[in-house]
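J.: could you look at this predicted model? Sequence included:
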Amino acid sequence: MFSFCTDPDTLDTFRWMACYLTTGKHMGFYWSFGTVLLLLAITAPTALAFGFGGASMARSRIAPIRWLGKTYIAIVRGVPDIAFFLFFVLALDILFEWIRHEIKCPDWEDDIWQGNDFVVCDIAKLPMGNAPQWIHETYGFLLAVLTFSIVFGAFAANVLYGAMRAVPRAQLETAEAYGMNRRQVYWRILVPQMWVFALPGLSNLWLVLIKATPLLFLLGVEDIVYWARELGGSKTPRFTDYPHGDWRVWYFLALLVFYLAFTRLSEVILDKLMTRLTRGQATLGGDAQRKAA
């Protein structure tokens, strides 16, 4: 980065540290914070969509659809998250490659399951073996996003299902008495009012999602935990020109500060959003606002 970073052995402490913290590998560490934020930006609305779909299915009047929605919620909530994170990445990868195999290689005669190995034709592999590295990394990241969305979508579905049931039944019956059909009651009365009941649970789920992002490290994505371990360790091939002792405690301390600051910022924004949603609503928050006024 700097012109004086030619021979690390001749640098004083300040210049050595400046060169050390501006290497290309450290730039990868800094960019990994963006990877975490991008994961949250994509996963949060996607998981919310999964949750809304699951909650709508769980309260459906059609029995098979209702059973499917409640089964999705129960299974994901009843199994440890780490098991699903490790399972879905493998299962989704196999599913996508099997679909491509069936489409692109219809004349394949060998069994795709050869012992414990899953073997498909070369053009069906995801990503292709000759694909650039960024495609491999993007594919792994998208699998991680989909896995996070499926898992946290089940928790969001449970929160939204409870919020839908918390909306006073009298308001739905009043809407029906005014001539609204079921679809109008659902989209104009139930859905707008359920958010004030769902926000506390969704807020907690958002904070849990933030704390779960280090699981990217287990899914093979080079996130901030991966780089902190690699750059902070003393016995690492990452730095041959800048050898140092075991500095992992300082790297993980930086992660601690980052997560604490980000969760605090999230709490402030969510509190303001809750205040706005409860204004004029028949809830404890809305009642408190009316008394204060």
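T.: Cool, the structure landed.

J.: quick check: Met17 vs His244, distance?
T.: Per CB to CB, to the nearest Å, Met17 is found 10 Å from His244. For every residue, glycine as well, the C-beta is placed using N, CA and C.

J.: same deal with Ala49?
T.: Distance from Ala49 to His244, by CB to CB: 45 Å.

J.: okay, now the unreliable bits of the chain?
T.: 1-4, 8-9, 129, 234-241, 279-293 (pLDDT under 70).

J.: for it, what spans make up the strands?
T.: Using DSSP state E, the strands found in the chain span residues 113-114, 117-118.

J.: and the first one, which strands flank it?
T.: Put plainly, it is strand 113-114. As defined by DSSP bridges, the strand partners of strand 113-114 come to strand 117-118 (antiparallel).

J.: would you mind pulling the contact partners of the partner strand?
T.: Ile94, Glu97, Ile112 (CB atoms under 8 Å, 6 or more residues apart in numbering).

J.: is it possible to get TSV of those that adds distance to Leu207 and neighbour count?
T.: Shown next, in TSV, are the contacts of strand 117-118 (distance: CB to CB, whole Å; neighbours: other CB atoms under 10 Å):
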residue	distance to Leu207	neighbour count
Ile94	32	14
Glu97	35	18
Ile112	42	17
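
J.: you'd agree Leu231 is up against Tyr251?
T.: Yes. At 6.2 Å, Leu231 counts as touching Tyr251 under the criterion of CB atoms under 8 Å.

J.: give me the more crowded residue out of these two.
T.: Of the pair Leu231 and Tyr251, Leu231 is the one with more neighbours under other CB atoms under 10 Å, namely 23 against 19.

J.: quick check, nearest of the contacts of strand 117-118 to Leu219?
T.: Ile94 (15.2 Å; CB to CB).

J.: can you get me a residue count around Ala63?
T.: Residues near Ala63, counting by other CB under 10 Å: 8.

J.: ok, it to Ile189 distance?
T.: 25 Å.

J.: repeat for Phe197
T.: Applying CB to CB to Phe197 and Ile189 gives a distance of 13 Å.

J.: shared neighbours, these two?
T.: Val167.

J.: picking that back up, how about the strands of the chain in CSV, adding mean neighbour count and distance to Leu270?
T.: Listed next are the strands of the chain as CSV, based on neighbours: other CB atoms under 10 Å; distance: least, CB to CB, whole Å:
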stretch, mean neighbour count, distance to Leu270
strand 113-114, 9, 47
strand 117-118, 10, 43
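
J.: let's have those in JSON lines, adding distance to Val151.
T.: Output for the strands of the chain, formatted as JSON lines (distance: least, CB to CB, whole Å):
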{"stretch": "strand 113-114", "distance to Val151": "27"}
{"stretch": "strand 117-118", "distance to Val151": "23"}
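
J.: which one, of those strands, ends up nearest to Leu40?
T.: strand 117-118 (31.4 Å).

J.: follow-up on the earlier one: for the strands of the chain, which one sits closest to Val79?
T.: Nearest of the strands of the chain (CB to CB): strand 117-118, 22.7 Å.

J.: which ones are touching Gly54?
T.: So Gly54 contacts Gly69, Tyr72, Ile73, Gly153, Ala154, Ala156, Ala157, Leu160, Tyr161 (CB under 8 Å, 6+ apart).

J.: the fifth one contacts Gly53, correct?
T.: No. Counting by CB under 8 Å, Gly53 is not a contact partner of Ala154; they are 10.7 Å apart.

J.: excluding covalently adjacent residues, which one is nearest to Trp195?
T.: Leu277 (6.0 Å; CB to CB, 6 or more residues apart in numbering).

J.: kindly report the same for Cys105.
T.: Cys121 (3.9 Å).

J.: who's in contact with Asn158?
T.: Applying CB under 8 Å, 6+ apart, the residues near Asn158 are Gly51, Ala55, Ile73, Arg77.

J.: how close does the first one sit to Leu95?
T.: Using CB to CB, we find Gly51 at a distance of 22 Å from Leu95.

J.: okay, now Arg183: neighbour count?
T.: 8.
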